[in-house]
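Visitor: task: produce atomic coordinates for the following.
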Amino acid sequence: RPPSFQPPANSYLRMSSDLQVRGDSRRRPLQASRAYAEAHGLELAEGAELEDIGVSAFRGTNAREGALGRFLEAVRAGTVKSGPYLIVESLDRLSREQVLEAQALFLRIIRAGINLVTLTDNRVYRAGTTDLGDLIVSLVIMSRAHEESQTKSVRVAAAWKNTRPKAATEPMKRRAPARRSRT
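Guide: Just a heads-up that it's a prediction; the model follows:
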C-alpha cells in the first residue's frame, strides 16, 4: 500500500424515531465515528453517512430495505470494495431481531469483507475472522438488544390495553402511552 493509503470507513446511524434526531442521538455517534476514524487512520466517508432514521431493527427492516441493506448490497455487487470499515455505536444499532437472525446479519457483514467497529466497547470484529471470543460477545449483546426491545413492546402494549377501557369513562391525560416502533 502507498504510505498515504487510508482504508475506507462508513459510519452507520440508526434510530427508531425521527424524534431522536432532535436530541444528541445523531451528533454523538457521528462525532465518535469521526474521532475513531482519525485515531485509526481511516478515511471516513463524510457527508455520505449511512442513516436509517425511523427504521426498525427489531424486524430487520434496516438490513432489508434501509441504508444498511443498500450498503451490504453495494459490497456484494462490488461497488464498495472489500476491506472497508463499518463504524456503529453498538451492535444493537444493526439489529434487534432474535439472536439467530441478528447473528446471521453480523456474520454476513464480516464474511462480506467488512471490518465492523463498535464504539461503545471499542471492539473491532475483523473481516473474515471467526474469533470465538468475538462471537460470544456479539451473541450476548444481540440477545440483550432483542430482549430490551421485546420488553418495551410488551410494556407499551400493556399501557395501551389499560388506557383504552379508561378512555370510555375518564378524560384522557394530556398524552396517551407513546406508540414506539420496535427498536
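
Visitor: from here on, just use CA atoms for contacts and neighbour counts.
Guide: Fine.

Visitor: contact partners of stretch 40-49?
Guide: Gln6, Pro7, Pro8, Ala9, Asn10, Ser11, Tyr12, Leu13, Arg34, Ala37 (CA atoms under 8 Å, 6 or more residues apart in numbering).

Visitor: so how far is that stretch from its chain's centroid?
Guide: 17 Å (CA atoms, centre = their mean, to the nearest Å).

Visitor: cool, stretch 71-84 as well?
Guide: In terms of CA atoms, centre = their mean, the centre of stretch 71-84 is set 18 Å apart from its chain centre.

Visitor: in that stretch, what's buried?
Guide: Going by neighbour count (16 or more other CA atoms under 10 Å), the buried part of stretch 71-84 is Phe71, Leu72, Glu73, Val75, Ser82, Gly83, Pro84.

Visitor: so which of those sit within helices?
Guide: Phe71, Leu72, Glu73, Val75 (DSSP state H).

Visitor: contact partners for the third one?
Guide: By CA under 8 Å, 6+ apart, no residues touch Glu73.

Visitor: flag whichever of the buried residues of stretch 71-84 scores worst on pLDDT.
Guide: Here the lowest pLDDT out of the buried residues of stretch 71-84 sits on Ser82, with 65.

Visitor: isn't Ser33 up against Ser11?
Guide: Yes - the pair Ser33 / Ser11 is scored as a contact, 6.2 Å apart, by CA atoms under 8 Å.

Visitor: overlap in contacts, those two.
Guide: Listed as contacting both Ser33 and Ser11 by CA under 8 Å, 6+ apart are Ile87, Val88.
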